[in-house]
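In: the sequence and its predicted three-dimensional model are supplied below.
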Amino acid sequence: MAIVHRATLTPTKPEIVTAWLDRQPWGRSGEVDVIGGYRLDDPDGAVGVESLLVRRDSSVLQVPLTYRDAPLTGAEGHLIGTAEHSVLGTRWIYEAGGDPVAVGCFLRALAGDQEQAVVEVYDGGELVGRRDPVVRIRRVLGSAAGAGDLRLAEVLGETLDGREQLVATWPDGQAVVAVR
């Protein structure tokens, strides 16, 4: 299960994502509207793994992130930024494709060995509820032969094929978000 705290994040996730997308050649331009996201559990419980789906300039983009309590050595090129979490303190936010914990989570999900995380919401130390995801993922078998490296979709709806696929569904759409 993924633990989410009722807290303030400064800067906010939309601000972090907007600044990062502005630096990506595929990031489009304009306002960022967060559709929702899905989470995968780090087996050690130390790293938050979340993928946000956002609408920008009539495209749906995927922004897979990790949240860490300390910098990830050797991953400076994948650092998106830092944020202050009112409960957990400073968080280092990375592009998930460059974080070995997230890569492991995605590979296990693609192999059918890991499900989408159940999100539990805490206020202080007390469980106050569970959050139903707006975005749901499921594993499907694709048409490509053989297993390759993990590939995470950026612009959803573009062709992305692999032997194993994660398909995300949200209220007004669906797309392949990861393959291998």
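Out: Here it is on my side, so go on.
In: contacts, neighbours, all on C-alpha from now
Out: Fine.
In: skipping adjacent residues, who's closest to the residue nearest to the spatial centre of the chain in space?
Out: Closest to where the C-alpha atoms of the chain average out (Cα atoms, centre = their mean) is residue 51, at 1.5 Å. Leaving aside its chain neighbours, residue 51 sits nearest to residue 64 (3.9 Å; criterion: Cα to Cα, 6 or more residues apart in numbering).
In: could you verify my assumption that residue 50 touches residue 62?
Out: No. Assessed by Cα atoms under 8 Å, residue 50 is found out of contact with residue 62, at 10.3 Å.
In: now the helices for this protein?
Out: Secondary structure of the chain by DSSP state H: the helices cover 13-21, 100-111.
In: save these as TSV, and put in mean neighbour count too.
Out: Below are the helices of the chain laid out as TSV (neighbours: other Cα atoms under 10 Å):
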stretch	mean neighbour count
helix 13-21	16
helix 100-111	20
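In: check contacts around residue 71.
Out: Neighbour list for residue 71: residue 92 [criterion: Cα atoms under 8 Å, 6 or more residues apart in numbering].
In: phi, psi of it?
Out: phi -60, psi 150 (degrees, to the nearest 10).
In: per-residue confidence at it?
Out: pLDDT for residue 71: 97.
In: I'd like the distance between it and residue 13.
Out: 18 Å (Cα to Cα, to the nearest Å).
In: closest to residue 124 out of the helices of the chain?
Out: helix 13-21 (20.8 Å; Cα to Cα).
In: ok, residue 107 touching residue 150?
Out: Yes. At 6.9 Å, residue 107 counts as touching residue 150 under the criterion of Cα under 8 Å.
In: got any residues that touch both of those two?
Out: By Cα under 8 Å, 6+ apart, the residues touching both residue 107 and residue 150 are residue 180.
In: nearest residue to residue 22 other than its sequence neighbours?
Out: In space, residue 22 is closest to residue 29, 6.8 Å off (Cα to Cα, 6+ apart).
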